[in-house]
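Engineer: what follows is a predicted protein model with its sequence.
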Amino acid sequence: MKACYLGFLLLVMILGGCANPQQQQRIDQDLAEMKRRLAANETALVELRKAQAAGGGQQQLAGLTRGQADLKADFDSFRNQVLSMQGDVEEQAAARQKLQAELTSLRDELRFKVKAIEERLAKLEKAPPKVAATAPAPVSAEELYQQGLDAIRNQNNFALGRERLQAFLKQYPKHHLAVNATYWIGEAWYGEKKYENAILQFQDVVEKYGDQPKVASALLKQGLAFQALGDKDNARVIWAKLQERFPKSPEAKKAAALMKK
């Protein structure tokens, strides 16, 4: 019986290291009480042996038997208490193990993210700096005008030529080549056989530029546009006006020849 108590008390001491402060205090108190009562029973047992050697001991034996019964009952209760605490300790151990696994998983995930960020930063540091896109070199008024003129006269690209010349007039409306640009836009319409647009464009030259020599060219070509539309009467009127305003111009001679046909 004593060996059983001692083995169990050893288990209690081991579990006591895992208990919380309140459980530890209660275990210490119960353990001290068990030790005290066990020591008292041992003392009573010694007295009983002495009494039996002297021929008595019946009363001591009865008292010792009752003490052993009480001690066994208390021991059983204490054992149940300790076993219950053991279950709590095992649950706490399982919870700690689960928490540790979650912390380990979280740590690994954070390490992975940190490594990915470090790799991205390293790539950015190694990447060559972006060079700002350079704006196209500015084009002078003369260059822009010549681009439009070449597209019409040398490439028969009337739409492109018209676009360049319109851009020229928008940027340099007061330039001395503005009258020429306005005229050649009319030539582009004429080259595309869009005679109505050509007539309006040549009229724009006539109204804006007064006695400029290019006005004579505009009147001649305006008459040709009317003739292309089958309107010979208006063509002759335009050419007559040309001869009246610019009688010595080469365009006036061409108009006279056309009117004889």
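Structural biologist: Okay, I see it.

Engineer: quick check: phi and psi at residue 214.
Structural biologist: With angles defined as degrees, to the nearest 10, residue 214 sits at phi -70, psi -20.

Engineer: show me the contacts for it.
Structural biologist: Applying Cβ atoms under 8 Å, 6 or more residues apart in numbering, we find residue 214 in contact with 179, 180, 183, 205. For glycine as for every other residue, the C-beta is placed from the backbone atoms N, C-alpha and C.

Engineer: element containing the third one?
Structural biologist: Under the criterion DSSP states H and E, the helix or strand holding residue 183 is helix 178-191.

Engineer: average pLDDT across that helix?
Structural biologist: For helix 178-191, mean pLDDT rounds to 96.

Engineer: contacts for the next helix or strand after that helix?
Structural biologist: Once helix 178-191 ends, the next helix or strand along the chain (criterion: DSSP H and E) is helix 195-209. Contacts to helix 195-209, defined as Cβ under 8 Å, 6+ apart, come from residues 179, 182-183, 185-187, 189-190, 212, 214-215, 218-219, 221-222, 225-226, 228-229.

Engineer: quick one: which of the contacts of residue 214 is the most crowded by neighbours?
Structural biologist: Within those, residue 205 tops the neighbour count with 25 neighbours, counted by other Cβ atoms under 10 Å.

Engineer: relative to residue 155, how far out is that residue?
Structural biologist: 23 Å (Cβ to Cβ, to the nearest Å).

Engineer: please apply the same query to residue 139.
Structural biologist: Applying Cβ to Cβ to residue 139 and residue 155 gives a distance of 17 Å.

Engineer: more neighbours, those two?
Structural biologist: Legend: neighbour count by other Cβ under 10 Å for residue 139 and residue 155, higher for residue 139 (15 against 10).

Engineer: dump the residue contacts of that one.
Structural biologist: residue 147.

Engineer: run the last query once more with 10 Å
Structural biologist: Listed by Cβ atoms under 10 Å, 6 or more residues apart in numbering, the contact set of residue 139 reads 145, 146, 147, 164, 167, 168, 171.

Engineer: likewise residue 56?
Structural biologist: 48, 50.

Engineer: element containing it, please.
Structural biologist: Per DSSP H and E, there is no helix or strand for residue 56.

Engineer: just the buried ones from the contacts of residue 139, in PyMOL syntax?
Structural biologist: Per 16 or more other Cβ atoms under 10 Å, the buried members of the contacts of residue 139 correspond to this PyMOL selection:
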select buried, resi 145+147+164+167+168
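
Engineer: quick one: low-confidence ranges for the chain?
Structural biologist: 1-20, 23, 129-136 (pLDDT under 70).

Engineer: quick check: longest helix in it by residues?
Structural biologist: helix 58-126 (DSSP state H).

Engineer: which elements pack onto that one?
Structural biologist: In terms of contacts (3 or more Cβ pairs under 10 Å, 6 or more residues apart in numbering; DSSP states H and E), helix 58-126 is packed against helix 2-16, helix 21-53.

Engineer: how distant is the following helix or strand past it from the center of its chain?
Structural biologist: Using DSSP H and E, the helix or strand that follows helix 58-126 in sequence is helix 141-153. On the basis of Cα atoms, centre = their mean, to the nearest Å, helix 141-153 sits 47 Å off its chain's mean C-alpha point.

Engineer: what about stretch 174-187, distance to the chain center?
Structural biologist: 52 Å.

Engineer: residue farthest from the centroid of this protein?
Structural biologist: Distance to the chain centre peaks in the chain at residue 55, reaching 100.4 Å (criterion: Cα atoms, centre = their mean).

Engineer: perfect, that will be all.
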